[in-house]
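# Have a look at this fold, sequence not included:
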């Protein structure tokens, strides 16, 4: 956590530095979508006395989300299966509260999102790391199987994956489902799968998306509108119970969504954001432009001899630092006013992450620096 | 928790029943303040590329809050002492994360807000109840002293108090401070005071407000704009570190506000709400009208021979059920379409709570029913 906070603190000043080329966090670098402002503006005037009363999950939002999930995933989600939350953070907190007791273990992918661990610690849960394949960053099903113990209550997966940009195929989920079924049987305890899908709609080249919810019934999905709208400062997301969860268990979970949502700190989104869901459901940043930015940056790095994982989704581009030491790479870039995220934040000291939410102009200005620094470090590296 | 959820579920339908006279939750029964919509409308259009980027605590909001606290409490709050949160729920969650470890005990007032307990349980903390004076509902300092053990990390106080409407004087806080100092010394561990002040600006008859922050240095204050704006569906509040906390300890707390705010589920308010703080800081529901509603309802109940605590603040009116059994009282009222909150939600089966957020018209229509039911139950009661 300390390294995330320290990095965040160091990077915060960049917003005020017009010359900085900032590729760190998945934050917007262009004005927000007009459709977002339009949607909110349409909801700020009260139409009833309870317009801004305490809101749990608004029925209209639940219905839109369930319909969207039915279309996208081909599973029969029902509105009652949806808990509206303050972004994916809120949905993940709710999932931890639903399925884990203090001291339980939760398996997370490495490299993976740097907030799983501090969130687990704050919830008095124990993060257990399961490494992805170190070259392809494919899901390593055996590593997950080895990470599971009798104290495991949840396994977290993330596709499209931060920071690697990988999107996993259905076959991976089928294999994972077998492992989770067997481990649940072995340990006499149901292991739940939390599918962290905030980047579900951020995919390139028409790559298929498969949710593990279709392969393993005991799955819940967290989602955030903060990615597809590139507006994480307006919190909106949900936790969805898979309709494949057996009826009785699903009924108990439905009943727990309100009291636990309250108990974790009234984790429901603002009224205006919930009312905006129908308008926001089909809104998206320009995916064609994002794909062009990926192509430009990916192509330049490959041409410069940098090992990069070709992103199938997400905002991110994951690479191995020229010379092998990401700290040196990042420092050399920072000296030139180019900021990328060191892999140390993901416990991968040899790697770096580039956010493609920067503008095309920033990418064009940064590429010569990236190429030159890569050349310097590759020249200096021991062979 | 179950009784709160069950009651909430049963009452939710009332919003759609125009004939129901609903005095249960502190929810709005009239259109929201135009100033709230105006404030939000002025912030929905982005003025910079990071307008809707990830927001922690916005400096402009922190400055307004700190200045307001300096004026109200006469203490030298600094902007860095303020963590903006999603209402008081978020601020309380943050305080628990700051000061308590799993298994710690937290002392709460009884009768008191019915969400302290489920929130503590969700945070793996142990609620320990300290009864208020059973007649005056004054703070019972000895009861708090008795509730403290070597495992106590936090004592929670609430003034103006839900559900009793009491506002405690400085002398009470001075006495409490002595107890907390001595207990901290005895147990070799600093006991923190969480002052839950969402109703701080909801006071009647010019009654003075004293915050315990002025009496006990080791105090943090949680606040919500959801009460004074009567708009709890738009989450906005804060946790404020007392400037009297010694410098080194305060510095450590300041450093923890961001990482813990992140870890509990990105507990920062939406960008639009943070930008609205300067406009919202001086906005309020009509306190003169609320005082008239209090007078009307209080007077009618006193005239009907009902024992009622005269509210000095909050939305609430706390009384002893005619006949002594709040369940019978509430049931008899519900049969007439009048809904009040049974004291069982506060572990006080002989009492009831009335929310004065209902309209004057509803109050006028409900009073004859309250008077008749009181007369019936008083007649039937054993003498």
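Everything's here; your move. Source: prediction; values computed, not measured.

# Every contact and neighbour count from this point should use C-alpha atoms.
Fine.

# which bits of the stretch 101-250 of chain A sit near chain B?
A:102, A:115, A:118-124, A:230-235 (Cα under 8 Å from any Cα of the partner chain).

# Those residues in helices, which ones?
Among these, DSSP state H puts A:118, A:119, A:120, A:121, A:122 in helices.

# With pLDDT as new columns, can these be given to me in TSV?
Shown next, in TSV, are those (pLDDT from 0 to 100):
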residue	pLDDT
A:118	96
A:119	97
A:120	98
A:121	97
A:122	97
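
# Beyond the one helix or strand residue A:296 maps to, next helix or strand please.
Following DSSP states H and E, one finds residue A:296 within helix A:287-303. Using DSSP H and E, the helix or strand that follows helix A:287-303 in sequence is strand A:308-309.

# The helix or strand just after that following strand to helix A:287-303, inter-axis angle?
Going down the chain from strand A:308-309, the next helix or strand is strand A:316-320, by DSSP H and E. Angle, strand A:316-320 to helix A:287-303, by axes from the mean of the first three to the mean of the last three Cα atoms, to 10 degrees: 10 degrees.

# Flag every buried residue along the helix or strand that comes right after strand A:316-320.
Once strand A:316-320 ends, the next helix or strand along the chain (criterion: DSSP H and E) is helix A:326-334. For helix A:326-334, a neighbour-count test (16 or more other Cα atoms under 10 Å in any protein chain shown) marks A:326, A:327, A:328, A:329, A:330, A:332, A:333, A:334 as buried.

# before we move on, what about stretch A:291-309?
Neighbour-count burial for stretch A:291-309 [16+ other Cα under 10 Å]: A:291, A:293, A:294, A:297, A:298, A:300, A:301, A:304, A:306, A:307, A:308, A:309.

# export those to JSON lines and tack on pLDDT?
Shown next, in JSON lines, are the buried residues of stretch A:291-309 (pLDDT from 0 to 100):
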{"residue": "A:291", "pLDDT": "98"}
{"residue": "A:293", "pLDDT": "98"}
{"residue": "A:294", "pLDDT": "98"}
{"residue": "A:297", "pLDDT": "98"}
{"residue": "A:298", "pLDDT": "98"}
{"residue": "A:300", "pLDDT": "98"}
{"residue": "A:301", "pLDDT": "98"}
{"residue": "A:304", "pLDDT": "96"}
{"residue": "A:306", "pLDDT": "97"}
{"residue": "A:307", "pLDDT": "97"}
{"residue": "A:308", "pLDDT": "97"}
{"residue": "A:309", "pLDDT": "98"}
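
# Could you dump these into TSV and include distance to chain B?
Conversion of the buried residues of stretch A:291-309 to TSV gives the following (distance: Cα to the nearest Cα, whole Å):
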residue	distance to chain B
A:291	20
A:293	18
A:294	20
A:297	21
A:298	24
A:300	26
A:301	27
A:304	31
A:306	30
A:307	30
A:308	27
A:309	26
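
# if we can go back for a sec, excluding its own residues, what touches the helix holding residue A:296? List them.
A:202-204, A:307-308, A:310-311, A:315, A:317, A:356-357, A:360, A:363, A:367, A:370-371 (Cα atoms under 8 Å, 6 or more residues apart in numbering or on different chains).

# rewinding a little: export the buried residues of stretch A:291-309 to a markdown table and tack on distance to residue A:54?
Below are these laid out as a markdown table (distance: Cα to Cα, whole Å):
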| residue | distance to residue A:54 |
| --- | --- |
| A:291 | 40 |
| A:293 | 42 |
| A:294 | 42 |
| A:297 | 46 |
| A:298 | 47 |
| A:300 | 51 |
| A:301 | 50 |
| A:304 | 55 |
| A:306 | 52 |
| A:307 | 51 |
| A:308 | 47 |
| A:309 | 45 |
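
# related to what we said a few turns ago, between the ones in helices among the residues of the stretch 101-250 of chain A next to chain B, which has the most around it?
Neighbour counts for those (other Cα atoms under 10 Å in any protein chain shown) peak at residue A:119, which has 25 neighbours.

# Name the nearest residue to that residue, sequence neighbours excluded.
residue B:263 (4.3 Å; Cα to Cα, 6 or more residues apart in numbering or on different chains).

# List the residues that contact the one you found.
Residue B:263 touches A:115, A:118, A:119, A:120, A:121, A:122, counting by Cα under 8 Å, 6+ apart.

# Okay, now the unreliable bits of chain A?
Judged by pLDDT under 70, chain A has its weakly predicted residues at A:1, A:15, A:382-383.

# Now the nearest residue to residue A:224 once chain neighbours are set aside. Its backbone dihedrals?
Distances taken as Cα to Cα, 6+ apart place residue A:237 nearest to residue A:224, at 4.0 Å, with adjacent residues excluded. Main-chain torsions, residue A:237, degrees, to the nearest 10: phi -170, psi -170.

# for residue A:113, same thing?
Residue torsions, per degrees, to the nearest 10, at residue A:113 are phi -50, psi 130.

# can you map out the strands along the stretch 151-300 of chain A?
A:152-158, A:192-196, A:219-224, A:237-241 (DSSP state E, counting those that start in this stretch).

# for the longest one, the distance to its chain's centre please.
Looking back up the chat, that one is strand A:152-158. 14 Å (Cα atoms, centre = their mean, to the nearest Å).

# any idea how far the residue nearest to residue A:119 is from residue A:114?
Between residue B:263 and residue A:114 the computed distance is 11 Å (Cα to Cα, to the nearest Å).

# Check residue A:301 too.
For residue A:301 relative to residue A:114 (Cα to Cα), the value is 24 Å.

# Repeat that for residue A:219.
Residue A:219 is 22 Å from residue A:114, by Cα to Cα.

# Not including adjacent chain positions, what is the nearest residue to residue A:114?
Nearest one to residue A:114, counting by Cα to Cα, 6+ apart, is residue A:346 at 6.0 Å.

# Cross-check the contact I'm expecting between the one you found and residue A:117.
No - the pair residue A:346 / residue A:117 is not scored as a contact, 10.5 Å apart, by Cα atoms under 8 Å.

# quick one on the thing from earlier: return the backbone torsion pair for the residue nearest to residue A:114.
Torsion angles, degrees, to the nearest 10, at residue A:346: phi -110, psi 20.
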